[in-house]
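1. model this:
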Amino acid sequence: MPHAALPELLHVADLKVSVAPAIEVTASRRVIGIAGGEVRGARLNGVVLPGGADFQVIRPDGVIALTARYVIRVDSGALIYVENSGLRHGSPDVMERLRRGESVDPSLVYFRTAPRFETSAPEYEWLTRHIFVGTAARLPDSVAISFYQLL
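-> Numbering: from 1, shown residues only. Sure, this is the predicted structure:
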């Protein structure tokens, strides 16, 4: 039986997103406001607008299931809505250090996402026609994300 080609990854952009302190709604639900950020890459450059948020559920197994929703304004002025869902987990002590806002070596934490994009800008329509993945790191007051297009 013939197989399709193995997928390749094409780097799209790196984001550094400033975040507000977590709002601990319950023991298993947090909301973290997005204060803004920067987007830089070969295919996408601009800013993350303030006003988005990261909605998190802490599962009984310690895995954090998250969905962040925010808007990027690219340098041309076009707007791109992002809904970025993912999973983050590590050992209990590492995750507790992250929760307290401490610096943690990103290699100790699994943090992967699957962003989806919406835009009415024709020059960025390609974002709505492909699958993307992200690798991320939680820093004390920000999140660093790299987006890759799955070819």
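
2. what lies in contact with the helix or strand bottoming out on mean pLDDT in the chain?
-> Ranking every helix and strand in the chain by mean pLDDT, DSSP states H and E puts helix 92-99 at the bottom, with a mean of 91. Outside helix 92-99, the residues that touch it by C-beta atoms under 8 Å, 6 or more residues apart in numbering are 22, 62, 64, 89-90, 104, 108-109, 138. Placement of C-beta: from N, CA and C, glycine included.

3. stretch 44-53 now?
-> When contacts are defined by C-beta under 8 Å, 6+ apart, stretch 44-53 is touched by residues 12-13, 15, 17, 31-39, 68-75, 80, 82, 124, 147.

4. return the alpha-carbon coordinates of that stretch using CSV.
-> Presented in CSV, the C-alpha positions along stretch 44-53 are these (Å, rounded to 0.1, in the frame of the first residue of the first chain):
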residue,chain,number,x,y,z
LEU,A,44,5.0,36.4,10.3
ASN,A,45,6.0,39.6,12.1
GLY,A,46,4.0,41.8,14.4
VAL,A,47,2.6,42.1,17.9
VAL,A,48,0.3,40.1,20.1
LEU,A,49,-2.4,42.5,21.2
PRO,A,50,-3.4,42.8,24.9
GLY,A,51,-6.7,41.4,25.9
GLY,A,52,-6.4,37.7,25.2
ALA,A,53,-6.3,35.0,27.8
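
5. that one - what's its average pLDDT?
-> The average pLDDT for stretch 44-53 rounds to 97.

6. any idea how far that stretch is from the middle of the chain?
-> 11 Å (C-alpha atoms, centre = their mean, to the nearest Å).

7. flag the shaky bits of the chain, pLDDT-wise.
-> The chain contains no residues with pLDDT under 70.

8. ranges for the strands of it?
-> 9-19, 23-26, 29-40, 46-48, 53-58, 64-74, 79-89, 110-118, 131-138, 142-150 (DSSP state E).
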